[in-house]
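S.K.: Give the three-dimensional model of this entry:
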Amino acid sequence: MTAELLTSILFATVVAGTPLVLVALGELVCEKSGMLNLGAEGMMALGAVAGFIATFLTGSVWLGVAAGMLAGALLALIFGVITINLMANQVATGLAVAIFGVGLAAFIGKPFESQVIPATPAIVIPLLSEIPIVGKVFFQQQSLVYLTWIIFGGLVWFLAKSRGGLILKAVGESPASAHAVGIPVNRVRYFAVLFGGAMAGLGGAFLSVFYTPMWTEGMVAGRGWIALALVVFATWRPWRVLLGAYLFGGVLISQFFVQS
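M.R.: Numbers count the residues shown, from 1 in each chain. Next comes the predicted model:
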């Protein structure tokens, strides 16, 4: 294997794993609060179509990112109202949200299936990008890949060092005890669910705006379900989520390199 081929494989692995990192981190926070949202696939699909439409109409990728996050959060809000306030079954509601989100995205995106948007250029960090093999992999990526690493670092700090992270884990592990000491359990769970939805929408927007700058029905292709499995695979630990996401990303793109 040549150094150039190895660099290409690692580069593609990081890009393919980025949406999985985003969605899995959002689901991890959601599950830390005691909520199991199986609707990631639908929220990703809705975030992808909303992100593409906003970018196509305005020409701004960051408005597309914001639209994708908002779409995912709104769908997560529906899940939250049904499960937190109406106390419906989380598994059944999550599956319904996944099916609804995929169908709604396909309906909304129908007029935009033949459209494309300009590819977003990579941000090249001088000197560091020239390091053999790893230079291009870590220092010549699109802006949202760098943002993903920042979100990951912030989430690691939040869960391990902050009072908010302690409250989140307390709500998930013993909601009755948390309520007894004055913690607003439902409010914390709403924030966690909305964060999970926004991250799923961001992962979807990455697919349609950065990864393949176009919208096609079914482009999420099961990544939401992979992210759900990834959280369990990583035993709810952020570092394992990051490594697992890149492992799954490598598996997803390996077929293309094997064929070549």
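
S.K.: residues contacting the residue nearest to Pro213 when sequence neighbours are not counted?
M.R.: Nearest residue to Pro213 in three dimensions, chain neighbours excluded: Ile117, at 4.6 Å (C-beta to C-beta, 6 or more residues apart in numbering). Bear in mind the C-beta positions are built from the backbone N, C-alpha and C, glycine included. Ile117 sits next to Phe52, Thr55, Phe56, Val209, Pro213, Met214 when contact means C-beta atoms under 8 Å, 6 or more residues apart in numbering.

S.K.: Go again with 7 Å.
M.R.: By C-beta atoms under 7 Å, 6 or more residues apart in numbering, the contact list for Ile117 reads Thr55, Phe56, Pro213.

S.K.: Would you agree the last one is in contact with Pro121?
M.R.: No - the pair Pro213 and Pro121 does not pass the contact test of C-beta atoms under 7 Å, sitting 11.3 Å apart.

S.K.: These two: which has the busier surroundings?
M.R.: Pro213 (19 against 8; other C-beta atoms under 10 Å).

S.K.: between the contacts of Ile117, which is closest to Phe158?
M.R.: Nearest to Phe158 among the contacts of Ile117, counting by C-beta to C-beta, is Thr55 at 29.0 Å.

S.K.: tell me which element that closest one is part of?
M.R.: Using DSSP states H and E, Thr55 sits within helix 40-58.

S.K.: And for whichever helix or strand comes after that helix, what's in contact with it?
M.R.: Moving toward the C-terminus from helix 40-58, the next helix or strand (DSSP H and E) is helix 61-80. Residues external to helix 61-80 that are found in contact with it (C-beta under 7 Å, 6+ apart): 37, 39, 42-43, 46-48, 50-52, 54-55, 93-94, 97, 101, 120, 144, 190, 193-194, 196-198, 200-202, 204-205, 209.

S.K.: so helix 61-80 versus helix 40-58, what angle?
M.R.: Between helix 61-80 and helix 40-58, the angle formed by their directions is 150 degrees, by axes from the mean of the first three to the mean of the last three C-alpha atoms, to 10 degrees.
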